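J.: This is the structure alone, sequence omitted:
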C-alpha cells in the first residue's frame, strides 16, 4: 500500500513503529503537501467574495494561476511522500546485495551509488519545490480572504518545515556519495535554498497580523 493511501492513523502508527521507513523525508514531503493545501484552501474561500469579484480581471487571473500552482504543488509533494521511502528501500536493498566476489562487490558498490543519488534527488526536489512555493505565497496573501490569514501562516510554516526537513535529508545522505565534488555542489545548493527560505519565512509571517 502506498503511504498516501493510508488513513492518517495508519500513517502515524507506522511512523511511530520500529519500521525504518517512512521517516523524516516522507514526513517533510507531507508537510509540504499540507502547506500547499492550506494555500489552496485560502484561494477556494476567496473566489466567491465580493471584494475579489470586484478586482481587475488580470489580477483575478494571476491570483487563480498562483492558487493552481499550489494545487499542482500539493500533488507533487504527495508523490514525494512515497518516492522518499522508495529511495530509502532501494538503498537498503543495494546494501543487502551479495559481495563474495570482486564482480559482486563492484556491482553492489555501483547499485549503492545509484541508490544514494536517488536518496539525494528526492529530498532536493522537495527542497526546491518548497522554496518555489514560498516565493509565491505573498502574491496569494495579498488578495486572499482575510479570515484565512492564520491558515496561510500555518501554510508558510509547513512549507518551511518541509524545506528544512528535506534539506537535512539531502545533507545526511551526502556522506554516502563517492563524488565529493558533486557532494560539495549539493551542499552549496542546499545552503543557498535555506538562506533564501529563512528570509522569506520572516517576511511572510510579518503579514500574519493577529
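T.: Thanks, I have it. What you see is a predicted model; the values in this text were computed from it and never measured.
J.: switch to C-alpha atoms for all contacts and neighbour counts from now on
T.: Noted.
J.: and the residue nearest the centre of the chain, what pLDDT?
T.: The centroid of the chain falls nearest to residue 126 when counting by C-alpha atoms, centre = their mean (3.4 Å). We have a pLDDT of 99 for residue 126.
J.: That one against residue 166, yeah?
T.: Yes: using C-alpha atoms under 8 Å, residue 126 makes contact with residue 166 at a distance of 6.3 Å.
J.: between those two, what contacts are shared?
T.: 28, 29 (C-alpha atoms under 8 Å, 6 or more residues apart in numbering).
J.: mind showing which ranges of the chain have poor pLDDT?
T.: Within the chain, the set of residues satisfying pLDDT under 70 is empty.
J.: where do the strands sit along it?
T.: In the chain, no strands are defined using DSSP state E.
J.: Let me see the ranges of the helices in it.
T.: Secondary structure of the chain (DSSP state H): helices located at 8-15, 24-44, 50-53, 57-95, 102-141, 149-173, 180-205.
J.: of these, which approaches residue 1 most closely?
T.: The closest of those to residue 1 is helix 57-95. By C-alpha to C-alpha, the value is 10.0 Å.
J.: same for the closest one, what does it pack against?
T.: Judged by 3 or more C-alpha pairs under 8 Å, 6 or more residues apart in numbering; DSSP states H and E, helix 57-95 is in contact with helix 24-44, helix 102-141.
J.: ranking those helices by burial, who's on top?
T.: Each of the helices and strands packed on helix 57-95 was scored by mean neighbour count; the highest is helix 24-44, a mean of 26, by mean count of other C-alpha atoms under 10 Å.
J.: Hey, what's the angle from that helix to helix 8-15? Just curious.
T.: On the basis of axes from the mean of the first three to the mean of the last three C-alpha atoms, to 10 degrees, helix 24-44 is oriented at 160 degrees to helix 8-15.
J.: Just the residues contacting helix 24-44, thanks.
T.: Contacts of helix 24-44 (C-alpha under 8 Å, 6+ apart): 64, 67-68, 70-71, 73-78, 80-85, 123, 126, 130, 133, 137, 140, 144-145, 148, 151-152, 154-159, 161-163, 165-166, 169.
J.: chain center to that helix, what's the gap?
T.: 8 Å (C-alpha atoms, centre = their mean, to the nearest Å).
J.: That helix to helix 57-95, inter-axis angle?
T.: Using the same axes, to 10 degrees: helix 24-44 against helix 57-95 is 170 degrees.
J.: all numbers from here: first residue = 219
T.: All right, first residue 219 from here; so that's helix 242-262.
J.: follow-up on the earlier one: can I get the helices and strands packed on helix 275-313 in a markdown table including distance to residue 233?
T.: Output for these, formatted as a markdown table (distance: least, C-alpha to C-alpha, whole Å):
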| stretch | distance to residue 233 |
| --- | --- |
| helix 242-262 | 9 |
| helix 320-359 | 18 |
